[in-house]
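Asker: Please find the sequence and the predicted model below.
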Amino acid sequence: MQNQSFITEFVLLGLSQKPTVQKILFVVFLLVYIATIVGNMLIVVTILHSPALLGSPMYFFLAFLSFLEACFSSCITPKMIVDSIYRRKTISYKGCMTQLFAEHFFGGAEMITLTVMAYDRYVAICKPLHYSSIMNWRLCRILVGMSWTGAFLHSIIQVLLTFQLPFCGPNVIDHFMCDLYPLLGLACTDTHLIGLLMIVTSGFMCIIIFCLLLVSYGVILFSLRTHNAEGRRKALSTCGSHIAVVVLFFVPCIYVYARPPSVFPFDKEVEIVYTILTPLLNPLIYTFRNKEVKNAIRKMWKRLVLVSDEK
């Protein structure tokens, strides 16, 4: 089907049309975005500058996840911040497709990375004697490559499906970003089949990966019975952080995408959780519950202070 779109831009209604509320949102989301970037990049820099952490696949994937969180937030939040200044919020057709691709690309990569991190913890806890031989650096590079490849395929499918939709009527999106279901509601054609394909490619993928993660962490927790108290405490602390991030990311995704394609009243509020709050909470969850990361951050700051004093 040929794309017959006559619309060159979309109007975003955002979270509110009230000037006072928009000013508050500008300040809140600006602070949240700065904290998100600083927090996640602090984890990346800390791990890259700490040989003890970088030598561990778990922290290598944590640095990769933090990088993805910063990128994921950057393809949504800056546009929201800028839009909150203006009364009329617009995004070009090409900009809309670009944002749609970026959010699903980095979101898809994050899903796969969380699955990889669960596998890493499974091997570390359930097969500790074979951990170094299984989780070698060749496999780590392959898994990162799989994350990028799988995310690209997922996001390009979403964009190609959306690109087939003809937009020739209303161009107002009741949302703060370009997303699948709001765009379906504006199409000048029957979107039933494309809506089902989107559910399969996005919703079912969220459900399947989430269930796999729950099963894997269930197996990990069950296997902890054979560990000593200190081993159980450390494993529970690490797995608890991972499970918290998984729940914060996947539950809103399942709510948004694993349902009939329609717009619900609380969609915007739910999407704020996994697009803005989860990237912010990720560094807090991992650093507050991880002694090694906190120690590495302290050492890095001490080195920076010593270097500045010498100057």
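Answerer: Noted; the coordinates are in hand. Keep in mind that what you see is a predicted model, and the values were worked out from it rather than measured.
Asker: contacts, neighbours, all on C-alpha from now
Answerer: Fine.
Asker: can you pull out the helices in the stretch 151-300 of the chain?
Answerer: 180-184, 192-198, 204-223, 229-257, 267-272, 278-288, 291-310 (DSSP state H, counting those that start in this stretch).
Asker: wait, which of those is closest to Phe67?
Answerer: Nearest to Phe67 among those is helix 278-288; the distance by Cα to Cα comes to 9.9 Å.
Asker: any idea of the angle the closest one forms with helix 229-257?
Answerer: Taking axes from the mean of the first three to the mean of the last three Cα atoms, to 10 degrees, one finds helix 278-288 and helix 229-257 inclined to each other by 180 degrees.
Asker: Send over helix 278-288 as PDB, restricted to the C-alpha atoms.
Answerer: Below are the C-alpha coordinates for helix 278-288, written out as PDB (Å, rounded to 0.1, in the frame of the first residue of the first chain):
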ATOM      1  CA  THR A 278      12.600   4.500  34.800                       C
ATOM      2  CA  PRO A 279      15.700   6.000  33.200                       C
ATOM      3  CA  LEU A 280      15.900   8.300  36.200                       C
ATOM      4  CA  LEU A 281      15.500   5.600  38.800                       C
ATOM      5  CA  ASN A 282      17.900   3.100  37.100                       C
ATOM      6  CA  PRO A 283      21.100   4.700  38.400                       C
ATOM      7  CA  LEU A 284      19.500   5.200  41.900                       C
ATOM      8  CA  ILE A 285      18.400   1.500  42.100                       C
ATOM      9  CA  TYR A 286      21.800   0.100  41.000                       C
ATOM     10  CA  THR A 287      24.100   2.400  43.000                       C
ATOM     11  CA  PHE A 288      22.200   2.500  46.300                       C
END
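Asker: between the helices of the stretch 151-300 of the chain, which gets nearest to Leu143?
Answerer: Distances from Leu143 to each of the helices of the stretch 151-300 of the chain were compared by Cα to Cα, and the smallest falls on helix 204-223, at 15.4 Å.
Asker: and the angle from that closest one to helix 229-257?
Answerer: For the pair helix 204-223 and helix 229-257, the angle between their directions (the same axes, to 10 degrees) equals 160 degrees.
Asker: returning to what we had before: which one, of the helices of the stretch 151-300 of the chain, ends up nearest to Thr90?
Answerer: With Cα to Cα as the measure, helix 180-184 is the member of these nearest Thr90 (14.1 Å).
Asker: could you give the mean pLDDT of that closest one?
Answerer: The pLDDT scores in helix 180-184 average 85.
Asker: picking up where we left off before, switch the helices of the stretch 151-300 of the chain over to JSON lines; also include distance to Gly169 and mean neighbour count.
Answerer: Written out in JSON lines, the entries for the helices of the stretch 151-300 of the chain read as follows (distance: least, Cα to Cα, whole Å; neighbours: other Cα atoms under 10 Å):
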{"stretch": "helix 180-184", "distance to Gly169": "12", "mean neighbour count": "20"}
{"stretch": "helix 192-198", "distance to Gly169": "18", "mean neighbour count": "16"}
{"stretch": "helix 204-223", "distance to Gly169": "30", "mean neighbour count": "16"}
{"stretch": "helix 229-257", "distance to Gly169": "24", "mean neighbour count": "17"}
{"stretch": "helix 267-272", "distance to Gly169": "23", "mean neighbour count": "16"}
{"stretch": "helix 278-288", "distance to Gly169": "35", "mean neighbour count": "21"}
{"stretch": "helix 291-310", "distance to Gly169": "52", "mean neighbour count": "13"}
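Asker: Ala151 is in contact with Ala109, correct?
Answerer: Yes: if you go by Cα atoms under 8 Å, Ala109 and Ala151 touch, sitting 4.8 Å apart.
Asker: Cool, thanks, talk later.
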